[in-house]
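**Q** fold the following.
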Amino acid sequence: MTLRHKTVTALNFNVLQRGANQLRAFRRDESGVMAYPTVAFFLAMLAVGGLGVDLMRMERDRTILQYTLDRAVLAAADLDQTQTPAVVVQDYLNKAGLGEYYTPPIVESGIGFKRVQATINSTFQAHLMKFSGGTDLPIYATSKAEESIDGLEISLVLDVSGSMNSNSRLTNLKVAAKDFIDTMVANTTEGKMSISVVPYATQVSLPDDLIGQYSIVGENEYSNCVNFQSSQFNSAALTTSETLKRSMHFTVWGDYNDKRTRTPPELIRDPICDERASRQILPLQKDANTLKAFIQNLSAGGNTSIDVGMKWGTALLDPSARPAVQALATGTNASVPGDFADRPAAYTDADTIKIIVLMTDGQNTSQYYVNNNRRDGPSGVHFSTIVGRDDIRYGTGTASLQVYSTYDAYNNRYYWHLPHHAQWADHPIGTGNSQFYDCDRYGNSCRWMSENADPQNNPPVVQNLNYSELFARTSLKYLYRYIFADWMDYYQARNTWYYGVYSSHGNGTKNSRTRSICSAAKAQGIVVYTIGFEAPSDGVAVLRDCASTDAHYFDVDGLEIKDAFASIATSIRQLRLTQ
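**A** Reported below is the predicted structural model:
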């Protein structure tokens with residue numbers, strides 16, 4: 001047997017297996033492959049994040065700077081501000097720790113306005129942005145504020161009812177309202193502000209030229225008031241083509257002597273619609289002296305109709321009144337300044353603010369109106385002046401006997417209301433040749449007289465009175481107590497010629513109407529301020545509902561009314577950011 005030498009060159013199988021496993025594991029191992037991309041991505045994130053952080057920091061600082069600058073120019077533009085705009089702006093920036101950014105503001109001012117503009121151009125110091133090669137950033141802020149009383153239309157709706165005579169209310173109102181006018185005129189550009197004064201009591205009376213612009217129906221040459229329908233309180237508009245019913249000239253108060261027997265005949269006292277110029281609307285004025293003189297002449301009397309006052313105050317701000325205002329502002333006898341010929345402005349006019357200041361010391365009370373069947377046509381009452389004889393009653397030497405004749409429709413006859421020995425006849429006295437028995441004022445020296453003593457030279461003057469003429473010169477109480485009660489049962493006379501003549505709107509109806517017209521005004525953007533001047537709770541509730549907000553309502557006593565008007569004057573000033 002031959003022994004052969006054997007040399008082993010191959011690795012052990014286990015070793016080879018382990019090596020192969022390691023190679024395969026190495027091939028699968030990816031650790032370290034993304035190190036560089038990861039580092040690069042991190043650096044990119046750092047650069048972008050740094051940019052974002054610096055931008056956020058800059059926006060934060062810019063917002064603080066803008067906010068501070070806005071507040072600064074608003075304060076600087078305040079017309080009541082006594083410090084110069086430059087001092088005010090710098091003071092605001094200093095207190096906010098931003099004084100380093102201050103630059104002098106641009107200021108424009110004049111009568112009724114002040115404009116302040118401040119601009120800051122500076123550099124924001126970046127931090128993290130510089131890591132990626134960035135630089136500091138510009139920071140910019142600008143603000144412009146203006147306080148001005150540009151286009152203003154104001155209605156002062158003022159209570160002049162009888163209760164304003166108590167506790168010096170009317171006196172205090174006059175002082176407050178006149179101060180308000182001085183403040184507004186002094187801080188308003190000439191021709192930019194119109195003020196209408198609407199005094200109201202039981203009714204609201206219009207001057208002849210103003211009511212003449214509306215379509216009025218109803219016989220009456222004395223009364224310039226309007227009886228509104230409930231639906232008319234649902235709208236701020238009152239067009240000149242809309243048919244309006246004129247209020248009758250009459251009174252439910254007082255049984256004083258008949259005004260018809262005066263020489264010359266006089267109108268009744270205390271009418272529902274007061275005909276005096278001092279109680280009428282004063283439309284769209286700008287002159288302080290004119291406005292203050294009108295307010296100084298206001299007098300108090302009558303009931304309270306907040307709804308009617310508010311209706312006219314709103315109507316004079318509504319564009320539907322423009323044709324009427326244009327007519328009053330043109331011609332040689334224009335009663336409204338020509339500056340206001342294009343007013344009231346449209347509600348969309350951004351440069352015009354419409355304001356109502358509504359004041360009352362009370363609550364809505366009864367408003368009276370004549371029933372339709374007593375508005376037109378003959379009344380059945382005749383008024384005769386018997387002339388052509390000596391007046392033995394008063395010894396004047398001239399004829400002056402004045403006699404009523406009233407018609408009894410049931411018996412088709414007339415009652416002659418002679419001062420002595422009244423009688424029935426088939427015609428009104430003065431229209432025939434009958435005799436009547438007359439005495440002097442003491443009931444003496446009586447004799448028979450002819451109703452037509454001197455037909456050639458001095459025939460009797462007989463007036464067949466229509467309702468409007470009868471009520472204008474004879475109070476309803478006098479009519480039933482001292483005329484018709486002569487032959488009618490007292491209660492029949494009262495029911496027929498007093499309660500049967502008129503009707504009324506009460507507190508509930510008028511409160512509803514007031515709230516309706518206030519809502520209509522506010523819906524059109526009219527700002528409504530209300531003042532309760534020692535008013536009862538019912539009136540206060542209505543005023544609160546009428547005011548634009550709770551802050552627009554003022555509850556005052558005594559001389560506090562002056563503070564209320566002053567606060568309103570300050571509030572009206574149009575303070576706004578313009579950029």
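
**Q** would you map the helices across the stretch 301-450 of the chain?
**A** Using DSSP state H, counting those that start in this stretch, the helices of the stretch 301-450 of the chain run over 306-315, 322-328.

**Q** list the buried ones in the shortest one?
**A** In this case it means helix 322-328. Within helix 322-328, the residues scored as buried using 16 or more other Cβ atoms under 10 Å are 322, 324-328. In this view, the C-beta of every residue, glycine as well, is placed from N, C-alpha and C.

**Q** residue 83: what secondary structure?
**A** Look at residue 83: counting by DSSP: H, G, I helix; E, B strand; the rest coil, its state is coil.

**Q** just put the helices of the stretch 301-450 of the chain in a markdown table and tack on distance to residue 104 and mean pLDDT.
**A** Formatted as a markdown table, the helices of the stretch 301-450 of the chain follow (distance: least, Cβ to Cβ, whole Å; pLDDT from 0 to 100):
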| stretch | distance to residue 104 | mean pLDDT |
| --- | --- | --- |
| helix 306-315 | 45 | 98 |
| helix 322-328 | 45 | 97 |
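
**Q** compare the ones you listed and give me the one nearest residue 415.
**A** Within the helices of the stretch 301-450 of the chain, the stretch nearest residue 415 is helix 306-315; the backing value is 38.6 Å (Cβ to Cβ).

**Q** so which elements touch that closest one?
**A** Packing partners of helix 306-315 (3 or more Cβ pairs under 8 Å, 6 or more residues apart in numbering; DSSP states H and E): strand 151-159, strand 193-200, strand 352-360, helix 507-523, helix 537-546.

**Q** center of this structure - which residue?
**A** In the chain, the C-alpha nearest the mean C-alpha coordinate belongs to residue 356, at 2.8 Å (Cα atoms, centre = their mean).

**Q** give me the beta-bridge partners of that residue?
**A** Taking DSSP bridges as the rule, residue 356 bridges to residue 155, residue 528.

**Q** that one and residue 312: what is the separation?
**A** Distance of residue 356 to residue 312, given as Cβ to Cβ, to the nearest Å: 10 Å.

**Q** can you give me the buried ones in stretch 475-486?
**A** Residues of stretch 475-486 classed as buried: 475-485 (neighbour count, 16+ other Cβ under 10 Å).

**Q** next one: stretch 81-96
**A** By neighbour count on 16+ other Cβ under 10 Å, the buried set for stretch 81-96 is 81, 85-86, 88-93, 96.

**Q** would you turn the buried residues of stretch 475-486 into TSV with distance to residue 212 and secondary structure?
**A** Below are those laid out as TSV (distance: Cβ to Cβ, whole Å; DSSP: H, G, I helix; E, B strand; the rest coil):
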residue	distance to residue 212	secondary structure
475	28	coil
476	28	helix
477	32	helix
478	31	helix
479	30	helix
480	34	helix
481	37	helix
482	36	helix
483	34	coil
484	36	helix
485	39	helix
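
**Q** want to throw these into CSV with pLDDT?
**A** Below are the buried residues of stretch 475-486 laid out as CSV (pLDDT from 0 to 100):
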residue, pLDDT
475, 94
476, 95
477, 95
478, 93
479, 94
480, 95
481, 94
482, 92
483, 94
484, 96
485, 95
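
**Q** biggest separation within those residues, which pair?
**A** Farthest pair in those (Cβ to Cβ) is 475 and 485. Separation: 13.8 Å.

**Q** quick one: strands adjacent to the helix or strand containing residue 465?
**A** Secondary structure assignment for residue 465, by DSSP states H and E: strand 461-466. According to DSSP bridges, strand 461-466 has the following sheet partners: strand 378-386 (antiparallel).

**Q** contacts for the partner strand, please.
**A** 260, 399-407, 409, 414, 428-431, 449, 451, 453, 460-467, 470, 483 (Cβ atoms under 8 Å, 6 or more residues apart in numbering).

**Q** for that strand, buried residues please.
**A** Going by neighbour count (16+ other Cβ under 10 Å), the buried part of strand 378-386 is 379-386.

**Q** next one: stretch 436-451
**A** By neighbour count with 16+ other Cβ under 10 Å, stretch 436-451 contains the buried residues 436, 438-440, 449-451.

**Q** stretch 486-506 now?
**A** Buried residues in stretch 486-506, counted by 16+ other Cβ under 10 Å: 488, 493-494, 497-498, 500-502, 505.

**Q** what would those residues look like in CSV with secondary structure and pLDDT?
**A** Below are the buried residues of stretch 486-506 laid out as CSV (DSSP: H, G, I helix; E, B strand; the rest coil; pLDDT from 0 to 100):
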residue, secondary structure, pLDDT
488, coil, 96
493, helix, 97
494, helix, 97
497, helix, 97
498, helix, 97
500, coil, 97
501, coil, 97
502, strand, 97
505, strand, 97
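
**Q** ok, and the helix or strand in the chain with the lowest average confidence?
**A** The helix or strand of the chain with the poorest confidence is strand 574-577; it has a mean of 56 (mean pLDDT, DSSP states H and E).

**Q** so what are the domain limits for the protein?
**A** 37-148, 151-370+504-577, 378-500 (automatic domain parsing).

**Q** need the winner for burial among those.
**A** Neighbour counts (mean count of other Cβ atoms under 10 Å) averaged over each of these peak at domain 151-370+504-577, with a mean of 19.

**Q** closest to residue 17 out of the domains of the chain?
**A** domain 37-148 (35.1 Å).

**Q** in which helix or strand does residue 177 reside?
**A** In this structure, residue 177 sits in helix 169-186 according to DSSP H and E.

**Q** so how far is that helix off the chain centroid?
**A** Offset of helix 169-186 from its chain centre (Cα atoms, centre = their mean, to the nearest Å): 16 Å.
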